[in-house]
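# Below: sequence and its predicted model.
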Amino acid sequence: MSSTKFILGLFDDPDVMMHGIDQLQKNSVPIYDVYTPMPIHGIDDKLGIKSSRLGYAAFMFGVLGGTTIFSIIYYTLVHDWPMNIGGKPAFAVPDFIPATFEWTVLFTAFGMTITFFFATHLFPGRAPRVMELRATDDRFVIAIDAKGNVPHDDITNILKEAGAVEIKHNDRKYVSYE
Amino acid sequence: MKTHNSFDEQYQFTGKIKTWSLIAIVIGVVTILAGFLTGHQQRTFSNLLLMGYYFTCACTAGVMFCAIQYAAQAGWSASILRVPQAFGKVLPIAAAILIIIIVAGLKMTHVIYVDGKPHVEPYLYARWATADLHVKSSGIYDSVIEGKSGYLNFPFFIIRIIGMLMIYSFFGWLLSKYSNSEDELGGMRFYNKSFVASAVFLVLFGFTVPVFAFDTIMSLEARWFSTMFGWYNLAALWVSGLSIMALVLIYLKKQGYMPWVTMDHIHNMGLFMFAFSVFWTYTWFAQFLLTYYANIPEEAAYFYRRWEPDFMVWFWLNIVVNFGAPLLVLMSRDSKRYLGTMQVMCVILICGHWLDYFQMIAPNTINTQERHWYWGVITWVEPGVFIGFAGLFTFLVMNALSKFKSLAPKKHPFLEESLHHHI
């Protein structure tokens, strides 16, 4: 029983790597993930990745921000201490809109940043967990979980035939832990 | 992905759409004649100006779309450029109709009584074009209007409008001419020429379009002015133009034309419609908030009129339809990638911006005193004239589209990029 946890196929060209994905899928080898130095069009559809839910998080943060400031303004300027400003009624909604808009944007921006950090485990001061360091430089990496039933040599052969420049059998999932 | 398309297919303007657009034109003509013959001249003129302006703006938006794509060297839109080019080709006709409406509105007069004294008043632009406003002994003399008469007088007014519309029409014609020549001869020459023409057009257009809005619409309320008004109208022009463009694209796609138009192109149009609806709201609100906050009588007069019971519902419905609907519906990715939703949103925004123009124009031109908001403000004349102009627009644009030898600029340098557009 080998101690290999992950098999990595390293490619030096995105098109060749896309071909590699096709070959693996044709042979029913489940792909764990793909790491590339730049975004590649169409790869989400090919890997069957569901579209991000970050947008829904953004919407909820926006609603939260808008509600928060509107409540604050309502409490201070309408409920607790109404003032006569330019002869307007205390509850002058148009005047509140710019501030409500600003807080909506502010909460959305901060909220999305925090959500992104949370989802990707990227916190300030924390070493990012990476499977292959060159995936951030010049290699397009397909990662395959070695626990599957497919014999490891077959996976290696498929990757080699598809044009991988290097194939790694890693005992550890990540090369960098904090 | 289909990579080989036949670009030589021409659009055939026949069948249902031709019949229906002709029927709509007949409905419009009948409505206009009935409006004049049943004593609704004032209301008919108001609607003619509204739809003439809307028609011109929609065609101008086509020229603006082409110019922006060329000036930004955008690739995604290359394969759909024939549709805005067709809009641009119709612009001279739209401009001529608008000019005829304006001249007729200024020259045709009726008599009104103020404190028992008769005054001869034109049907359009009565707030500055009534001769008695400039006569000291007339009883309705207005020193403010008199002070503006160096700018707001018949010859200068007409010269400005004709001049601006000629410039826009010329560039619309030029861009589609370059594109047709490019189809025949190929090469980068015509693309570079289009780039220069677009840059020149955008400079001229950017500086003159607020003046166009000031003259055609804002001068109906001649005592009032707002520096936001030009941009507010530009935003309305652009959103309604994009909605009409998207609707035409969806129609063509459903009819089996332009098979290279994918959901990614429609998605992009949806993005534009969403973004510029928000921009429209920004200009609308910027104009409104400053007036509301300062509450200076001469500035508030415009909104005061629109807050009277007969117009107030329409005034608020305007912002709900043109801001609320695109915000809630078009924000998510999925709704922009579904033809049905996009089609409904296009129709909503087209009607919404009709309402937008309506509440800019009607409170100054239609006397609705002692009537209810639901009947009296909008009568049979409004939908009739709208249907007539919608038919005319469809007929002329589809006819212009059928004149193109191919439905895509087949030698456009960015065509491949557009065919593989993916978002």
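Ah, there it is.
# What parts of chain A come near chain B?
For chain A, the residues in contact with chain B (CB under 8 Å from any CB of the partner chain) are A:His41, A:Gly42, A:Ser51, A:Gly55, A:Phe59, A:Gly86, A:Gly87, A:Lys88, A:Pro94, A:Asp95, A:Ile97, A:Pro98. Backbone N, C-alpha and C define where each C-beta goes, glycine included.
# B:Ala275 versus the residue lying closest to the fifth one once chain neighbours are set aside, what's the distance?
This means A:Phe59. The shortest distance from A:Phe59 to any non-neighbouring residue, by CB to CB, 6 or more residues apart in numbering or on different chains, is to B:Met331 (7.5 Å). As judged by CB to CB, to the nearest Å, B:Met331 and B:Ala275 stand 11 Å apart.
# Same question for A:Ala162.
Counting by CB to CB - A:Ala162 and B:Ala275 are separated by 41 Å.
# Who has more neighbours out of those two?
A:Ala162 (19 against 15; other CB atoms under 10 Å in any protein chain shown).
# got the contact list for the more buried one?
Contact analysis of A:Ala162 by CB atoms under 8 Å, 6 or more residues apart in numbering or on different chains lists A:Gly9, A:Val16, A:His19, A:Gly20, A:Gln23, A:Leu24.
# picking that back up, and the residue nearest to A:Phe59, how many neighbours does it have?
Using other CB under 10 Å, B:Met331 has 14 other residues around it.
# Over to A:Gly9?
When neighbours are counted by other CB under 10 Å, A:Gly9 comes out with 30.
# check contacts around it.
A:Gly9 sits next to A:Met17, A:Gly20, A:Val141, A:Ile142, A:Ile144, A:Leu159, A:Ala162, A:Ala164, A:Glu166, A:Ile167 when contact means CB under 8 Å, 6+ apart.
# what's the closest of those residues to chain B?
The closest of the contacts of A:Gly9 to chain B turns out to be A:Met17 (CB to the nearest CB; 17.5 Å).
# Now for that closest one: which residues touch it?
A:Gly9, A:Phe11, A:Val34, A:Thr36, A:Phe140, A:Ile142.
# coming back round to it: could you tell me the per-residue confidence at the residue nearest to A:Phe59?
pLDDT for B:Met331: 89.
# State the phi and psi torsions of residue 124.
You didn't say which chain, so I picked chain A. phi -60, psi 130 (degrees, to the nearest 10).
# Hmm, no, I was thinking of chain B.
phi -120, psi 150.
# Taking the contacts of A:Ala162, tell me the two that lie furthest apart.
A:Val16 and A:Leu24 (12.8 Å; CB to CB).
# Domain-wise, how is chain B divided?
The record assigns chain B these domain ranges, following automatic domain parsing: B:42-223+B:407-415, B:228-378.
# Dump those to JSON lines, plus distance to A:Lys173.
Formatted as JSON lines, the domains of chain B follow (distance: least, CB to CB, whole Å):
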{"stretch": "domain B:42-223+B:407-415", "distance to A:Lys173": "40"}
{"stretch": "domain B:228-378", "distance to A:Lys173": "32"}
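# quick one: which of these has the weakest pLDDT on average?
domain B:228-378 (a mean of 91).
# Remind me which helix or strand A:Thr104 belongs to.
helix A:93-120 (DSSP states H and E).
# so what secondary structure elements neighbour that helix?
helix A:54-73, helix B:263-294 (3 or more CB pairs under 8 Å, 6 or more residues apart in numbering or on different chains; DSSP states H and E).
# Would you mind finding the most buried of those?
helix B:263-294 (a mean of 19; mean count of other CB atoms under 10 Å in any protein chain shown).
# now that one and helix A:93-120, what's the angle there?
Taking axes from the mean of the first three to the mean of the last three CA atoms, to 10 degrees, helix B:263-294 and helix A:93-120 form an angle of 140 degrees between their directions.
# Can you name the element that comes right after helix B:263-294?
Moving toward the C-terminus from helix B:263-294, the next element (DSSP H and E) is helix B:297-306.
# which non-adjacent residue is nearest A:Val29?
A:Val150 (5.3 Å).
# I meant to write B:Val90 there.
B:Leu396 (4.5 Å).
# if I look at the residue nearest the centre of chain A, how far off is A:Arg129?
In chain A, the residue lying closest to the centroid (CA atoms, centre = their mean) is A:Thr120, at 6.0 Å. Between A:Thr120 and A:Arg129 the computed distance is 10 Å (CB to CB).
# Repeat that for B:Asn180.
With distances taken as CB to CB, B:Asn180 is found 57 Å from A:Arg129.
# Can you show me the strands along the chain?
Picked chain A for this. Assigned by DSSP state E, chain A shows strands spanning A:6-11, A:33-35, A:140-145, A:166-170.
# could you do chain B instead?
B:109-114, B:117-122.
# just those strands: most buried one?
Comparing the strands of chain B by mean count of other CB under 10 Å gives strand B:117-122 as most buried, with a mean of 15.
# what's in contact with that strand?
Against strand B:117-122 from outside (CB under 8 Å, 6+ apart): B:105-113, B:129-132, B:138-140.
# hang on, the earlier thing: arrange the helices and strands packed on helix A:93-120 in JSON lines, one row each, with distance to A:Ser28 as further columns.
Shown next, in JSON lines, are the helices and strands packed on helix A:93-120 (distance: least, CB to CB, whole Å):
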{"stretch": "helix A:54-73", "distance to A:Ser28": "31"}
{"stretch": "helix B:263-294", "distance to A:Ser28": "30"}
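# These: which one's closest to B:Arg337?
Closest to B:Arg337 of the helices and strands packed on helix A:93-120 is helix B:263-294 (CB to CB; 4.8 Å).
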